[in-house]
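**Q** got a predicted model here, sequence first, then my questions.
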Amino acid sequence: MAHRPTLLLLHGFPLDRTLWDGQVQALSGVAKVIAPDLRGFGNDQRPVPDVLTMEALAADIKDLLDDRGIERAVLCGLSMGGYVALAFLHLWPERVAGLVLANTRGNRDDIHGRAARQRMAEDVHSKGMAVIARGMVPNLLSEAFRKERPDEVARIEAMIATQAPHTAAAAALGMRIRPGRLDVLAEVDFPVLVITGDQDALMGLDSSMALSAAAPQSTLHIIPGAGHLSNVEQPEAFNAAIIGYLKELQDPPPDREP
Ligand code: MLT
């Protein structure tokens, strides 16, 4: 990859492209950074079906690459964005130049998880997004960060509170039926970067370890002190990991050269 790669940043649930405000500029020197709103989130106005699958979101990403004439991109997905990246890898592996999986997992929801998705899909309508936002933030941001950065807590809470309830419900139901995708990582012939925070209340370290173990070449980068939105809490550490990874894709160390 002698040229500046395209880095496609895929946001989590129920967030939007502004999740990546600490990455877009900071990484623009090393990559052509694209951070889209996934269907129905943020400013995106495309119609949203009642169940928004990870495959449908991946198909939107393929259309975006086609429209811009981009043959291959490095995908970086955080949480739900990671589910979308894995669905994309399953469907169009030849379009993936590299993969960063942040604060996410490759297994499907268990029976309790599926019940929680169903409840979420109902609650977004009955309680409203502002209530959902207040309930979610303690799981998304570490306790220390919440104390230190009320400005960022307010930003994330507002980001969630302004999402369309129909989109949030549809995405919850789409995540509910997503298949396990650890197997697709076994086929990957480039290094994979797995990032997490040791204070992530939603994705245990075991999920990141399983992702890392499933890929033949991988690095597991644990950011000390960071919660679920590790890119928001510690943008410098997150960005440094990505910059190092892009360098590795470009100039593989001798033991990783083909
Ligand atoms: C996310 O941050 O995208 C969600 O927590 C993912 C999930 O609920 O599985």
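**A** Arrived safely, thanks for sending.

**Q** spatially nearest residue to Leu173, not counting backbone neighbours?
**A** Among residues not flanking Leu173 along the chain, Val51 sits closest, at 4.5 Å (CB to CB, 6 or more residues apart in numbering). To be clear about C-beta, it is placed using only N, CA and C from the backbone, and glycine gets the same treatment.

**Q** hey, where'd the strands end up in the stretch 1-150 of the chain?
**A** 6-10, 32-34, 73-78, 96-102 (DSSP state E, counting those that start in this stretch).

**Q** tell me which residues touch the nearest residue to Met129 once chain neighbours are set aside, please.
**A** Leaving aside its sequence neighbours, Met129 sits nearest to Ala161 (CB to CB, 6+ apart; 4.9 Å). By CB atoms under 8 Å, 6 or more residues apart in numbering, the residues touching Ala161 are 129-130, 132-133.

**Q** list the contacts of the residue nearest to the spatial centre of the chain.
**A** Residue closest to the mean C-alpha point of the chain, counted by CA atoms, centre = their mean, is Leu78 at 1.9 Å. Applying CB under 8 Å, 6+ apart, one finds that Leu78 lies in contact with 9-12, 19, 102-104, 229-231.

**Q** repeat that for 6 Å
**A** 12, 102-103 (CB atoms under 6 Å, 6 or more residues apart in numbering).

**Q** re earlier: what about the residue nearest to Leu173, distance to Ile111?
**A** Remark: distance between Val51 and Ile111 (CB to CB, to the nearest Å) = 18 Å.

**Q** just to be sure, Thr196 is in a strand?
**A** Yes: under DSSP: H, G, I helix; E, B strand; the rest coil, Thr196 sits within a strand.

**Q** show me what contacts the closest residue to it other than its chain neighbours?
**A** Sequence neighbours aside, Ser208 is the residue nearest to Thr196 in space, at 4.2 Å (criterion: CB to CB, 6+ apart). Contacts for Ser208 (CB under 6 Å, 6+ apart) come out as 194, 196, 220.

**Q** okay, now the closest residue to Asp37 other than its chain neighbours: neighbour count?
**A** Counting by CB to CB, 6+ apart, Asp37 lies nearest to Asp44, which is 4.0 Å off, once chain neighbours are set aside. Asp44 has 16 neighbours, counted by other CB atoms under 10 Å.

**Q** next: Arg155.
**A** Arg155 has 14 nearby residues by other CB under 10 Å.

**Q** what about the nearest residue to it once chain neighbours are set aside, distance to Asp183?
**A** Computed as CB to CB, 6+ apart, the closest residue to Arg155 that is not its neighbour in sequence is Thr18, at 8.0 Å. For Thr18, the distance to Asp183 equals 33 Å [CB to CB].

**Q** when those two are compared, which one has more neighbours?
**A** Neighbour tally, Thr18 and Asp183, criterion other CB under 10 Å: the higher count belongs to Thr18, 17 against 12.

**Q** so how far is Arg108 from the more buried one?
**A** Distance from Thr18 to Arg108, counting by CB to CB: 29 Å.

**Q** ok, Ala73 next?
**A** Counting by CB to CB, the gap from Ala73 to Arg108 is 25 Å.

**Q** what about those two, which has more around it?
**A** Neighbour totals were compared for Ala73 and Arg108, and Ala73 leads with 22 against 16 (other CB under 10 Å).

**Q** look up how far Pro252 lies from the closest residue to that one other than its chain neighbours.
**A** Take Ala73 and drop its neighbours on the chain: the residue closest to it by CB to CB, 6+ apart is Thr6, 4.1 Å away. Distance from Thr6 to Pro252, counting by CB to CB: 19 Å.

**Q** cool, and Pro36?
**A** Using CB to CB, Pro36 is found at 29 Å from Pro252.

**Q** the more surrounded of these two?
**A** Between Pro36 and Pro252, Pro36 has the larger neighbour count (other CB under 10 Å), namely 18 against 14.
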